[in-house]
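> Sequence plus predicted model, see below.
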Amino acid sequence: MDGDAPLRVTLLGAFQASRGDAVLPVPGARLQGLLVRLALAGGRAVEQGVLVDAIWAEDLPAGPAHALQALVSRLRRALGSAGDVAQVAGGYRLAMDPADVDALRFEQLAAAGRDRRRAGDANAAAALLAEAVALWGGRPGVEPAAVAAVASAAATRLAHASVEAVADLADAELALGRADAAAARLTALLAEHPVHERAAALLMDALTAQGRQAEALARYERVRETLADVLGADPGAALRERHLRLLRAGPPAGTATSTATTPG
């Protein structure tokens, strides 16, 4: 039965609370905000003052403690179990596994993927990072609205981490010889985040692996100009090193050049 299924909370994209196949209605911004802030704690206690600030911000009620207690009662009814939200010393905690909150699951998968990549296991890294990136539904780098409403710093951290996870995945794909997949992924990422230097450097690697050195050089020039226009900065060491490497390598074998040679 769905009543016996674990509570799951979706924060990346459209907010949703569910048990099994049953979606749980959580009406109202404040009630949703309470659930989101508790879910972000991953089963740990959240202080009463933190919850009040997250939910009411500058519009504090006359009796914050009583207002929060009433909101908790409403949330328990919405979730269908009083035991889901437990009162602890100084605050409340949501009884759930962090893996059942997609934002926390993303962070777990991304961290595990980076660890496997550092250990030299590109296959495992790619699998973990692909699962992490998939949780964002195609829009990494966008702050989750449900999280931003009650924890702006967490929303910013998650958005940044999602972009880095895409770059990490492309890096693992390159290590596995999947230059086509990496190039497509990085091109899409740079369309949304044009000054992301690591993504640009990895895209230059992917294009070079495909024999598209001229496009890699053109990409460098595009990023260099964007960095100058947007940030007033020059490319970093990683981008400059790749650019210099391509210039020293010259055109790939079999590519016609503008310099004619005279037979001896």
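Right, received. Where do you want to start? Numbering: from 1, shown residues only.

> Return the residues in contact with the residue positioned nearest the centre of the chain.
Note on the chain: the residue nearest the mean C-alpha position is Ser162, at 1.7 Å, using C-alpha atoms, centre = their mean. With contacts defined as C-beta atoms under 8 Å, 6 or more residues apart in numbering, the neighbours of Ser162 are Phe106, Val133, Trp136, Pro140, Gly141. For the C-beta atoms, the positions are set from N, CA and C on the backbone; glycine is no exception.

> What's the per-residue pLDDT of it here?
pLDDT, Ser162: 97.

> shift numbering so it begins at 20
Done: numbering now begins at 20, and the last item shifts to Ser181.

> And the strands in this protein?
Under the criterion DSSP state E, the chain carries strands at the ranges 26-29, 35-38, 41-43, 65-66, 104-107, 110-113.

> Indicate which one of the ones you listed is closest to Ala145.
Judged by C-beta to C-beta, the one of the strands of the chain that comes nearest to Ala145 is strand 26-29, at 24.3 Å.

> Which strands or helices does the closest one pack on?
Applying 3 or more C-beta pairs under 8 Å, 6 or more residues apart in numbering; DSSP states H and E, one finds that strand 26-29 contacts strand 35-38, helix 48-59, helix 121-137.

> The first one pairs with which strands, parallel or anti?
Note on strand 35-38: by DSSP bridges, its sheet partners are strand 26-29 (antiparallel), strand 41-43 (antiparallel).

> Helix 48-59 and the biggest helix by length in the chain, what's the angle between them?
With DSSP state H setting the assignment, residue counts place helix 171-194 as the longest helix in the chain. Counting by axes from the mean of the first three to the mean of the last three C-alpha atoms, to 10 degrees, helix 171-194 lies at 50 degrees to helix 48-59.

> Go through helix 171-194 and flag the buried ones.
Neighbour counts using 16 or more other C-beta atoms under 10 Å place 173-174, 177-178, 180-194 of helix 171-194 among the buried residues.

> cool, stretch 52-69 as well?
Judged by neighbour count (16+ other C-beta under 10 Å), stretch 52-69 contains these buried residues: 52-62, 64-65, 67, 69.

> For it, what is the distance to the chain centroid?
Its chain's C-alpha centre and that of stretch 52-69 lie 20 Å apart, by C-alpha atoms, centre = their mean, to the nearest Å.

> Okay, now that stretch: how far is its last residue from its first?
Terminal residues of stretch 52-69 lie 12 Å apart, using C-alpha to C-alpha, to the nearest Å.

> State the mean pLDDT of that stretch.
When pLDDT is averaged over stretch 52-69, the result is 95.

> And stretch 160-174, by the same measure?
Model confidence over stretch 160-174 averages 95 on the pLDDT scale.
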